[in-house]
Structures are given as structure tokens and as C-alpha cells.
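In: How does the following fold in three dimensions:
(2 chains)
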Amino acid sequence: MNPFKCNQPDHDLSRRQVLGALTGAAAGMGMNGLLSPAIADELKSKRKQVLLIWLDGGISQLESWDPKPGTEFGGPFRAIPTSIPGVHISELMPKTAEQMHNLAVVRSMCTKDENHSSGVPRILRGDPKNRGVTYPYLGAALSYLRGDEQVELPNYIWVKPGSGGFIWQHAGFLGAKYGALALGDGKPPVHINRPAEITEAIDSTRNAIRRQLNEKFRLGRRAADVDAYDYSFEMAEKLIKRKDLFDDFTPAEKDRYGTHPLGRHILQSKRLIEEGVMFVQCHSYHWDTHGDNFNMHLDLVPQIDKPFAALIEDWEQSGMLDNVLVLLMSEFGRTPKINQRLGRDHWPEAWSLAMAGCGLNRGVVLGKTTDNGAWVDDSEYDIGHIFHTIFKAMDINSLTTEYHIDGQPLPIAHDDYGVIEELLA
Amino acid sequence: MSVSSATPLDVTKAWVQSKFQWKRQITATRFSPCGQFVFAAGIGGAIIRWDIESEQQVLFESHGTWVGDFAFDGESKRMYSGDYHGTLTCWDYSLDEPKQIWQKAGSHNGWIRKVAVSPDGSTIATGGNDLSVRLWNAKGRSTEELDGHQGYIFSLIFHPETGDLFSGDQLGIVRQWNKKGELSREIDVSILHTRLDNFLTHVGGVRCMAIDSTRNLLACGGFTNAKSNSFCPGDPLISIIDLESVTEAIQLKPVIKADGPINGLCFLSDGTLVGVGEGQAGASLSFWDIQKPEPIHAIKMLSGYEVDIHPDGMRLAVSRYKSNGRTGNGRHVLPEEYVSNDGLVEVLQLSEKPMEDADSA
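Out: Predicted structure coming up:
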């Protein structure tokens, strides 16, 4: 039994409706077949999802969303006009510039942590007040608050370079069940195919034995460890039934999104969202350009520009953007000041992120930085504001919804901050 | 202050004769062919000229973005400068006030990183991010486009005797072009390039070149064994290519630890090779007798980006970084303290310091 209670009213209502619809329905049928068309439609329309694209290390705001050409720290790149008159972004993002009317950009993020090791988890947890507990990452939080156990796919998938696995640590105090299933290089877990010599019946028996042994093993041990193993197996099982998720993409799709890792991973993430995964985090490493920042951004930024713009355009045209929230961000920005290796260092004082979809206003640029790009000049926002806004976009009232751990109510987002109303339609 | 030309060249006694500071970081620096001036450019659009004796400063301003490089023709007193918007500009560098002769926007699609002038002054070569090397006459008319590089052009140099042009790229390939603009050969210096499986970009490249025409050697500078495409740490390295056999004669490394590339190279009249590099915690100006892998002398300094030898053969100009407080990485800084780092050009005398200066130092 889960010890936490979600007090979000919309969520409860939705669950009740679903449960009501399920009552009396024939067991074993798919969910869509169990629901009245009206409720199914409502569910479908309320099924909100998130794709978080994470540029690990920190994309430079001056080489992306907040260019300051010709200024003290501005760098060598031009600012180019976008589809929103008067709004300019870096010339390194020409395709994204054409999608500006679909985006909401915040140029005045100001956060506290300039280290990766603490900054990444802090930002991904929404930097809640320290109450002596480990908050879940955004994906785990939404998996708990908004996830659906009935769906045939894991709620939280992490597409990342390198190796995969079940990352239960993302779940924090929610428990392993809400951890991330990481797909290394966007590929399915190894051994996803049942060996030919193992029949379905044998496989089923083996799994029954496995569950029994797990229960026995669980006695007297830390539940979290066994849970992690259990849930990872369950998630893998779900994916085994959906090997089609990893079918090759068409040459046209590959060309449109790019054949570099980030392009491939965003394309894979897109498919996972379209197939119903509630939260996908798509991760790219190596944006920490302390050395040779300008040569590196020259080659790095086009690798996000192309697939990001393609994704926004595709989802805008298909209508997916109505219900999918897309976030593009890092743990901080980069120093305006250029170091002796012609790099830029860590800069949480004034940085940018981009959002789109899920009811957010489109074509909005919020906040501004000083003329030299170093400091927030207007409308300073913390990651707490962003979490409140994400939750609201996901129909979760972040002011009334709480986690409960050992009887202690805990806010789901930093209680000193609130929703950025200017971002919401 | 001048030093007698009879003073013997001795790099181990090198000392800083003068310093010229600018409010932005400087990358490129060169002496004018007449020897009266030292020029510098880099972050920001200004080219700065200092009179070495009087230290008078004059700005050459018309570039709208960072200046990648500039080069001179002494005979005509022309300076050609290229910027990161692809604009090539011709100036008369010698007048009291800067005089722009012509300017060509769109000379390249994107950054011009390097500019070189042929020994006879008739041809200007430019190279940059559009992978092409372009040749121009002194009036700014395009005469040739040399294609074939697969990576950004990082370095250009004319052979002082043959007039052949060498272009070095991001992937560690040097292409040698004859005076007709024909490709003579390709030289593999890919030890200066790194692309590991997990890299998102190429790292390294032939950042600089120098030619010793007496021994027919090509020195290529950069770094090898890069560990990532974010910090870009690697091992600074110079590969000396014997242009007769097109084989690597020797590899040279600084002894003062640094993690960035060798950015600037030049040969002295006695065959000593001078290299300057960059590093996260500083680097060095090093001097090699190229028969030996380790330098005969090294001066620790903050990152350096270019080195040039004065026409008198006794002085060096070195462009380098000058810190102006914290960048803000990991430590809080106050807005009023947060200003750009500076650039510095140091002119070093490559001989023993005269006694009166030693006393006053």
C-alpha cells in the first residue's frame, strides 16, 4: 500500500470516473474498451504528458535564448529574428526561431546552485525547502501525481546516452515504484526478447516462482531494494510487449531529426510520448563548455535546434502540443564572462529555459536580463516557480496537493513560490 | 626602449620589455612589417595598434563582431582583417589615423578564422567555418576558392620561399596548395584531433602553423588526447613535419602543465621554435631546439593565444589573457565587480636585460 495520498481534486475525480467506468466491465479487456466513449474522450483529452529535454552541463543562454551581440560578454554570434516580431534568439538556432510562436521562453531564471553534482538534482527536484527528506525528480513526482498504472507502458522513461537500467533513486521518498526506466542510447533493455526455447507457459511459471521468491526475500530486508528490482522487472515486462516502440525510423524521420545522438534520442522520446508514456526525460551530456565554448556551441547548438524545432512543429501540426508539455533546459546557464580557455563557466544567476504546449501561452518571452546579460533585470524566477507552473499545466493544484510521508504533509513544490500566471493561457 | 642589435639572441634571458593592455580579451597579435607597431584583436570588433616606442594607441574599428585574424603586406602598407561575420577588410595600417581601403561583407559564409598574405603581397588567403580557403587579390577581388577541407579552417600560412599555401583544419588535416591553387598534397596531422565515441563534436585541430624554410619543416600546434567536448582538456602538442619526406620528424610538448592547445608558433632566426598555449590553470611560453622534445626554456603565464617575431628578430609579441576578477563559477560575485577580462600583449626582448634596466626592475 502506498503511504502517500494525493489530495489533488481533479486527479481524484478522474480516478473515480475511471473506476466507475471500470465497474461491471469485462475483465481482461483493454482500458479503451471499458470506458464509455464520453469518459474515454474526456480521459484522452485530460491525458497530459511531459517531454523534458535536458542539456546536461548547461547550454549557454548567450548562445541560445538570450543573445547579446556586440556587448561586453556577448560572444561572436548574431541575434536573428524569430516568428514573433521583435524577439531575437541566437543565429545558432534558425529552425527554432521559426517555431518561436509556439514557445514560451523564460529569460530570467535565477537559481542558487552553481555545481553540477548538487545543481542537477536540485533543479530536477524543484529545489524544495530542505525538510530532511529526499524529494522526487520531476518525472517521478508526475509519475506519482499523474501517472496511470493501467497503461501498458512505464510512466517515467529516461532516454539517455550510455547505459540504461532502472533508476529508482529518482523517486526519492515516493519509493522505487516511481523511479525512471532508463533506456541507454534510447534502446530497449538488453535481452528484451524471450529466448525461443522458453515458451510463454514456461515463462509465466518462471515469473510466478520469481514473485514468490521475491516475497520471501523481502521479509526482514529493506523493502526499497526489493521494490526496485520488482518494479524494474515489471517495466521491462511492459516493454517486452511493445518491441515495436524500437522499430527503426524512416529515412525521412531520421533526416528531419538528425542522426546525431540528440536527434535520435528526441525522435525516440517523441515516439514514446505518442505511444502513451506519461513522462519522458531526454538527456544529452557534454554541454559543460568550460573550454572552447564558442567552437563547441557552434557545433552543439545545431544538434538541439534541428530536432527541437522539428518536434515542436510536428506536435503543433498533429495537435499533440495541446496536451504535451515540452521543456528544454539545463541545471544553469553559463558565465557571461569568458575564461582563459575561451570557455564559459557555471552561471545560475541569470539563465534561460524554454517550454511549449499543454495550455501554455505561445509566443511568449518572459523576463529580461541586464544589457550585458549577466543579471536578471526584470521578473526573476526560481525553479520553484517553474515546478508550480508545470504542475498547473498538468492540472495539479500545487498549492493544495501534498505528499504525506510518515504523517508529515509535504508541499509538492517550493512553498515560497507560485505559478507563473503569465505563462498560462 | 631599444636594445642594441649587437646583443646576442638568448631566449633563456627573455624579459618583458613592454606591456599593452586592452579592455577585452585579445587573441591575435602581430608586429607590423615596419616594426614600429604591434597590433592586436580578438573579442570585440576593434583592432588595436600600439606604437612600440611611444605606446600611443590607435583603434581600427569597423568590424561588427570578433576579429578572427589579420595579416600584413609591408610593401603596400596594407593590413587585411577578417571577422566572424565573414567580412574581410583592407586597411592602410601605417597612417596616423586608420584608413579603410575596402571592405567585403560575405567574403565567407560565417567566421573568418585566419588571414595570410603571400610573400610577394599579391595574394590574400582567408579561411574559416565554411570549409573553404579563398584567395583574393590586393583589390579585394576573389581569385580562387580552394575546397576539400572537411573541417573548419583553423590555420593558414604561406611558405616564405616557395609561396605554397598550407591550410590546417579542425580534423587535423593540412592541405598544401601550389601557387596555381592546385592541391599538392594532404598532410595527416590528425594526432591533433580527437573525436571519441561519446563526443558530440570534434575537438582540437591544427590551431597554428609555422614554417622553417631553411630546414623545410612545418610545425603544427594544437592538442591531442582530448578527454571531452565540454572542458576540452587534452595534452598540448606540436607535430613537426619534414616537408621533404612528409613524415613527422618529432613531437614537442611543453613541460609546464597545461590542458589546452598550443595556439601560436613561430621560428626564430636561429631555428628555435617558440610556442604559446592555453590552459584552465595557465600555460606557458616555451622555446624548443627542435632536436629535443622538451623545451630549452619556458615561461609560465596565463593562457596565451598568439606569438609573433619582430622584424628585428630579437623581440616577440605574445597575446595573452589577463584576469579581471572571478568569472562567477562557483563563487558569488557582485554586479559592480563583474567586468570583462582584459587582453594583454607582452613584448619580450630575447636577450639579456641591459644592466640599467635590470637595476631598475
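In: Kindly report the residues of the stretch 201-350 of chain A close to chain B.
Out: Neighbours of chain B within the stretch 201-350 of chain A, by C-beta under 8 Å from any C-beta of the partner chain: A:260-262, A:284-292, A:295-296, A:298-300, A:303, A:335-347, A:349. Quick note: C-beta positions are derived from backbone N, CA and C, even for glycine.
In: how about a cut-off of 10 Å?
Out: Within the stretch 201-350 of chain A, the positions near chain B by C-beta under 10 Å from any C-beta of the partner chain are A:260-262, A:284-300, A:303, A:334-349.
In: distance of residue A:152 from chain B?
Out: With distances taken as C-beta to the nearest C-beta, to the nearest Å, residue A:152 is found 33 Å from chain B.
In: Which pLDDT value goes with that residue?
Out: Per-residue confidence (pLDDT) for residue A:152: 84.
In: can I assume it sits in a strand?
Out: No - assessed with DSSP: H, G, I helix; E, B strand; the rest coil, residue A:152 is coil; it does not lie in a strand.
In: pretty sure it is touching residue A:244, no?
Out: No - if you go by C-beta atoms under 10 Å, residue A:152 and residue A:244 don't touch, sitting 11.7 Å apart.
In: More neighbours: which of the two?
Out: residue A:152 (12 against 8; other C-beta atoms under 10 Å in any protein chain shown).
In: quick one, what contacts the residue nearest to that one when sequence neighbours are not counted?
Out: Nearest residue to residue A:152, sequence neighbours excluded (C-beta to C-beta, 6 or more residues apart in numbering or on different chains): residue A:238, at 5.9 Å. Applying C-beta atoms under 10 Å, 6 or more residues apart in numbering or on different chains, we find residue A:238 in contact with A:151-154, A:181.
In: Any of the residues you listed buried? List them.
Out: A:153-154, A:181 (16 or more other C-beta atoms under 10 Å in any protein chain shown).
In: Mind putting those residues into TSV with distance to residue A:66?
Out: Below are the buried ones among the contacts of residue A:238 laid out as TSV (distance: C-beta to C-beta, whole Å):
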residue	distance to residue A:66
A:153	36
A:154	35
A:181	34
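In: would you put the C-alpha positions of the helix or strand hosting residue B:68 in PDB?
Out: Assessed by DSSP states H and E, residue B:68 sits inside strand B:67-73. Provided in PDB are the C-alpha atoms of strand B:67-73 (Å, rounded to 0.1, in the frame of the first residue of the first chain):
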ATOM      1  CA  VAL B  67      38.100  39.700 -35.400                       C
ATOM      2  CA  GLY B  68      39.500  36.300 -36.200                       C
ATOM      3  CA  ASP B  69      42.800  37.300 -37.600                       C
ATOM      4  CA  PHE B  70      44.700  39.900 -39.600                       C
ATOM      5  CA  ALA B  71      47.900  39.900 -41.700                       C
ATOM      6  CA  PHE B  72      50.100  42.500 -43.400                       C
ATOM      7  CA  ASP B  73      51.800  43.300 -46.700                       C
END
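In: Quick one: residues contacting the closest residue to residue B:324 other than its chain neighbours.
Out: Nearest residue to residue B:324, sequence neighbours excluded (C-beta to C-beta, 6+ apart): residue B:341, at 4.7 Å. Listed by C-beta under 10 Å, 6+ apart, the contact partners of residue B:341 are A:73, A:337-340, B:23-25, B:43, B:302, B:321-325, B:327.
In: Got phi/psi on residue B:341?
Out: phi -70, psi 160 (degrees, to the nearest 10).
In: How confident is the prediction for it, by pLDDT?
Out: 96.
In: SS state for residue A:235?
Out: helix.
In: In three-state terms, label residue A:204 for me.
Out: Applying three-state DSSP: residue A:204 is helix.
In: For it, give its distance to chain B.
Out: Residue A:204 is 39 Å from chain B, by C-beta to the nearest C-beta.
In: One more: residue A:170?
Out: Counting by C-beta to the nearest C-beta, the gap from residue A:170 to chain B is 22 Å.
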